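Trainee: Any chance you can model this:
(one chain, ligands or ions: 1)
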Amino acid sequence: MEGLKKDVIRHVVSSLGSDYASKSAYNYYNALALAVRDRLIDNWIKTQRSYYDEKAKRVYYLSLEYLPGKSLMNNLHCLGIYETARKAMSDLGFSLEDLAEQEWDAGLGNGGLGRLASCFLDSMATLGIPGYGYGIRYDYGIFHQVIEDGKQVEQADNWMRVGNPWAYERGQHLFPVRFFGEVKNWTDEYGRLRHTWTAGDTVLAMPCDMLVPGWDNHHVINMRLWSARSDVEFDLDFFNTGNYLGAVEEKIFDEKISKVLYPSDQIEEGRELRLKQQYFFVTATIQDILRRFRKKHQDMTELPQSVAIQLNDTHPAIAIAELMRILLDEDLLDWEVAWDICVSTFAYTNHTILPEALETWPVSLLERMLPRHMQIIYEINARFLREVERVARSEDCGQLCHRDLDHLKQRVSLIQERPIKSVRMAHLAIIGSHSVNGVAALHTELLKARVFDDFQRLYPQKINNKTNGVTPRRWLWSANQPLSRLIASHIGTGFVRNLDELTQLEPLAADPAFREAWRAAKLENKQRLQAYIKRKLMRELHTEHLFDVHIKRIHEYKRQVLNLLHVVTAYNRLRHGQAADFTPRTVFFGGKAAPSYFMAKRIIHAINAVAATVNADSRVNDKLQVVYLPNYCVSQAERVIPATELSEQISTAGMEASGTGNMKFALNGALTIGTWDGATIEMAQAIGPELLFIFGMREDELVSLRQHGYNPMLYYHGDEELREALDMLRSDAFSPGQHGLFAPLVDNLLHGGDRFFVLADYRQYLGAQQDVGRLYLDQEEWTRRSILNAARMGFFSSDRAISQYAREIWDVAPMAGLQNGKGA
Ligand code: 475
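Mentor: Numbering: from 1, shown residues only. All right, here's what the predicted structure looks like:
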């Protein structure tokens, strides 16, 4: 401890240039972070060296998004110096919790996809898998959300302004990135046609490394984020021509590439700058991968034995054309050889079946920005369509008539003709990869049967499932110390590395003393949240209420509106004196809406309007409260999830690819009210469906309802409480003086077809909520179920998910000496 104290003080003085006697929390946080980083860097160097010495096969995880959140607490826990740090900082006059608050969340992602990437890096580090995360260091991460007059207002997330003590900027190791220009043809010595892409504009990619430690194993992997740097200062002519200001302007223009994260979750923006970001990221990463590979290899055909590249959705899929370009134009390989290398190296993960999220890029844009890549994509397509024809005519595909074959080719083509001629990035990713995976069992079945059914017939081995998982280090151990300590006092700490060990809790569910201790841990977390809400929102929570929580991105398919209709109905029953047996509850909502997503923003407004009315109504507000948590983010989730008793997972069946929040809640002892969707299905199967509150129509039932003609008006007319709730929303009951404010929401349900079947599931949802309320009154039974939920969550560790990727997709093994956890 004395060593750590000395190091912190030294960093305050020599790294931060401050007086250690002036006790600034900001300086002491930064100094502590630097002292922790010092303790990681040796192991990081040793880890990287061991990959090189042992010629280990490496995994590269390519993701345009990461959501690491804060690093301090996680890193202290991984290093096993949390207690030491707590005492050291207390000696210096600080509470460690307060210091941790100084850190900004690294919010380099939108939601589930980005957070999954961060959980996966944590698991690779813990399992000892030679992995690297690659991404973009956006200057502005996901916007900061404030609620003004009930509405979402976006503010810039200038997370780098205060500096980032965790990162190493490597300004010496820049990689060139080219855009535009043209393609020249030439003939090689064997008379073959060759192509060279001549430079148009150039910018530079600067690496910025963040260290990702494993749990108590000395293994530290790297997350390399690229930042755009202009090349104008390297171009002497620019300044010599006298156009000094012009040159500086160009510098600003170039560096715009990594300026901001696109804040849309599952909606394609189709903007030129977004494509630039993707290619900027991809070419820098592939150059770095090949640089490392070529240190030990000359023969490019050995690439798939040494390198596995996982594409996190299609956002980095242009990597397939980029690797082809390098192999063809720079290494001068033959097409077939190059293509085999690509397919064996790449694998692709799909995260959503929503059609509005499937990426396409206009051919005209690609031809201009990346002319050589567009040529390569055309050639990939031509060869692929010939192959389709061959396979389709072979026996296994039955006898296709010509017309069918033409239709099949149009459906699977990389090029879509309408509404504008575009490249389908998912098709490129499927054809260019040896593995295509979904993220939960139902999602993968829907990929096979619906979204990619033609590809499933063409390549029956390619599509596979890898159900998501979450890291128990952050989402149980670090976020929920009261519960973790209780668990550890009964079954030891092995569960942090091997989550299956939680099954040892099962017998304890029958032990009244253990149940009481379990409830005490929950209460402690509820009180912590109460203190936080008081500080941030100046509101008093009732900790004896049932804490009912719905936090995630705001999206129509996630159905925050269904939850809101339950709240309005409960409010009406209480007002009308029809709810004598109502179990008091506080309903929490939280989440960001894409700034361009009108309906999602209006939903936020409606939630806040209902909250204002309910909370101000003294007839009901001792029994029902509604809280909107502004700026939902990773660090907020870490506070809210441990305090939650009811987890809302109520997406339209078939629409939520997996969900990962669902897992974090159950792991922390919340019970789930949910639909038969995503990974919630597998959770119900692992836990026992009777221990969750499952309701609503299933995916196949919705398909047939849709086919037979779904008429939401039928539900409106047939259900008095539903009608009352909708009419109130449409009137100005919650928006005095602003008549019609929420009419778009209601009209969307009644006259817009209710695409997400909110009305169809309303009555069953109410029934399930009634069951929840009733069970909560029986605290012994509630607690028993809570314990069993957590005890059976072992499968949903990201360690299990990553082990499956490693074995079944990447063919990589943990580093020697790390298979059983602890390293030397
Ligand atoms: C799913 N984001 C969750 C999670 O697998 C799932 C798409 C386009 C542009 C920007 N962001 C996206 C997603 O598609 C996304 O986050 N998908 C989510 O991935 C991890 O658990 O069900 O919705």
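Trainee: The residue of the stretch 151-300 of the chain at minimum distance from the ligand and Ala600: what is the separation?
Mentor: Closest to the ligand within the stretch 151-300 of the chain is Gln266: 4.4 Å, counting by Cβ to the nearest ligand atom. (Each C-beta comes from the backbone N, C-alpha and C, glycine too.) To Ala600, Gln266 is 11 Å away according to Cβ to Cβ, to the nearest Å.
Trainee: Gly135 now?
Mentor: 25 Å.
Trainee: Of the two, which one has the most company?
Mentor: Gly135 (27 against 23; other Cβ atoms under 10 Å).
Trainee: I figured Leu788 hits Ala509, correct?
Mentor: Yes - in this structure, Leu788 is within contact of Ala509 by Cβ atoms under 8 Å, at 5.2 Å.
Trainee: Tell me the residues of the stretch 301-450 of the chain that contact the ligand?
Mentor: Listed as neighbours of the ligand in the stretch 301-450 of the chain under the rule Cβ under 6 Å from any ligand atom: 351-352, 357, 439.
Trainee: Look at whichever residue of the chain sits closest to the ligand and say how many residues are nearby.
Mentor: Per Cβ to the nearest ligand atom, the residue of the chain with the smallest distance to the ligand is Gly112, at 2.9 Å. Using other Cβ under 10 Å, Gly112 has 25 neighbouring residues.
Trainee: Check what pLDDT the residue nearest to it when sequence neighbours are not counted gets.
Mentor: For Gly112, ignoring the flanking residues on the chain, the nearest one in space by Cβ to Cβ, 6 or more residues apart in numbering is Thr660 at 5.6 Å. At Thr660, the predicted lDDT confidence score is 98.
Trainee: Roughly how far does Thr660 sit from Asp500?
Mentor: 18 Å.
Trainee: Likewise for Lys552?
Mentor: On the measure of Cβ to Cβ, Lys552 and Asp500 end up 27 Å apart.
Trainee: higher neighbour count, the two?
Mentor: Higher neighbour count among Lys552 and Asp500: Lys552, with 25 against 15, using other Cβ under 10 Å.
Trainee: What score does the more buried one have for pLDDT?
Mentor: pLDDT, read off for Lys552, is 98.
Trainee: With the one 5 residues further on instead?
Mentor: You'll see Tyr557 listed with a pLDDT of 98.
Trainee: A helix includes it, no?
Mentor: Yes - looking at Tyr557 with DSSP: H, G, I helix; E, B strand; the rest coil, it is inside a helix.
Trainee: Flag the shaky bits of the stretch 351-500 of the chain, pLDDT-wise.
Mentor: 395-402 (pLDDT under 70).
Trainee: Which residue ranges of it form strands?
Mentor: For the stretch 351-500 of the chain, applying DSSP state E, counting those that start in this stretch gives strands covering 360-362, 415-416, 422-424, 435-438, 463-465.
Trainee: Could you export these as CSV, including mean neighbour count and distance to Lys23?
Mentor: Formatted as CSV, the strands of the stretch 351-500 of the chain follow (neighbours: other Cβ atoms under 10 Å; distance: least, Cβ to Cβ, whole Å):
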stretch, mean neighbour count, distance to Lys23
strand 360-362, 19, 53
strand 415-416, 16, 61
strand 422-424, 22, 57
strand 435-438, 24, 51
strand 463-465, 19, 53
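Trainee: any shared contact partners between Gln266 and Ala600?
Mentor: His555 (Cβ atoms under 8 Å, 6 or more residues apart in numbering).
Trainee: picking up where we left off before, how many neighbours does the nearest residue to the residue of the stretch 151-300 of the chain closest to the ligand once chain neighbours are set aside have?
Mentor: Distances taken as Cβ to Cβ, 6+ apart place Ala357 nearest to Gln266, at 4.1 Å, with adjacent residues excluded. Residue neighbour count, defined by other Cβ under 10 Å, stands at 18 for Ala357.
Trainee: Quick check: Ala357 vs Gly773, distance?
Mentor: For Ala357, the distance to Gly773 - Cβ to Cβ - is 36 Å.
Trainee: now swap in Gln102 and tell me
Mentor: Distance from Gln102 to Gly773, by Cβ to Cβ: 40 Å.
Trainee: Over to Tyr82?
Mentor: Taken as Cβ to Cβ, the span from Tyr82 to Gly773 is 38 Å.
Trainee: Tyr29 too?
Mentor: 43 Å.
Trainee: near the ligand, which residues of this protein?
Mentor: 110-113, 116, 264-266, 351-352, 357, 439, 468, 656-660, 678.
Trainee: so the residue nearest to Gly112 makes contact with Thr467?
Mentor: No - if you go by Cβ under 8 Å, Thr660 and Thr467 don't touch, sitting 10.3 Å apart.
Trainee: so what sits against both of these two?
Mentor: Ala679.
Trainee: for the stretch 101-250 of the chain, what spans make up the helices?
Mentor: 112-127, 236-240, 244-255 (DSSP state H, counting those that start in this stretch).
Trainee: Take the ones you listed and lay them out in CSV including mean pLDDT and distance to Trp335.
Mentor: Shown next, in CSV, are the helices of the stretch 101-250 of the chain (pLDDT from 0 to 100; distance: least, Cβ to Cβ, whole Å):
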stretch, mean pLDDT, distance to Trp335
helix 112-127, 98, 32
helix 236-240, 68, 38
helix 244-255, 85, 33
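Trainee: So which of these is nearest Gln410?
Mentor: Closest approach to Gln410 among the helices of the stretch 101-250 of the chain (Cβ to Cβ): helix 112-127, 29.4 Å.
Trainee: Kindly format the C-alpha coordinates of that closest one as PDB.
Mentor: What follows is helix 112-127, C-alpha atoms only, in PDB (Å, rounded to 0.1, in the frame of the first residue of the first chain):
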ATOM      1  CA  GLY A 112     -25.700  -3.600 -27.300                       C
ATOM      2  CA  LEU A 113     -23.300  -4.200 -30.100                       C
ATOM      3  CA  GLY A 114     -20.600  -1.900 -28.600                       C
ATOM      4  CA  ARG A 115     -21.000  -3.200 -25.100                       C
ATOM      5  CA  LEU A 116     -20.800  -6.800 -26.300                       C
ATOM      6  CA  ALA A 117     -17.500  -5.900 -28.000                       C
ATOM      7  CA  SER A 118     -16.200  -4.700 -24.600                       C
ATOM      8  CA  CYS A 119     -17.400  -7.800 -22.800                       C
ATOM      9  CA  PHE A 120     -15.700  -9.900 -25.400                       C
ATOM     10  CA  LEU A 121     -12.300  -8.200 -24.900                       C
ATOM     11  CA  ASP A 122     -12.600  -8.700 -21.200                       C
ATOM     12  CA  SER A 123     -13.200 -12.400 -21.800                       C
ATOM     13  CA  MET A 124     -10.400 -12.800 -24.300                       C
ATOM     14  CA  ALA A 125      -8.000 -11.200 -21.700                       C
ATOM     15  CA  THR A 126      -9.300 -13.400 -18.900                       C
ATOM     16  CA  LEU A 127      -9.200 -16.600 -20.900                       C
END
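Trainee: Which other helices and strands does it contact?
Mentor: Judged by 3 or more Cβ pairs under 8 Å, 6 or more residues apart in numbering; DSSP states H and E, helix 112-127 is in contact with strand 58-62, strand 66-69, strand 131-136, strand 201-213, strand 220-230, strand 307-312, helix 798-804.
Trainee: Pull out the buried positions in it.
Mentor: For helix 112-127, the buried set under the neighbour-count rule, 16 or more other Cβ atoms under 10 Å, comprises 112-127.
Trainee: next one: stretch 691-703
Mentor: Here stretch 691-703 shows 691-697, 699, 702 as buried, counting by 16+ other Cβ under 10 Å.
Trainee: Please apply the same query to stretch 328-337.
Mentor: Buried-residue list, stretch 328-337, by 16+ other Cβ under 10 Å: 328-329, 333.
Trainee: ok, and what's touching it?
Mentor: 188, 194-197, 300-301, 327, 338, 341, 372, 376, 379, 383.
Trainee: switch to 7 Å and redo it
Mentor: Contact with stretch 328-337 is made by 188, 194-197, 300-301, 327, 338, as judged by Cβ atoms under 7 Å, 6 or more residues apart in numbering.
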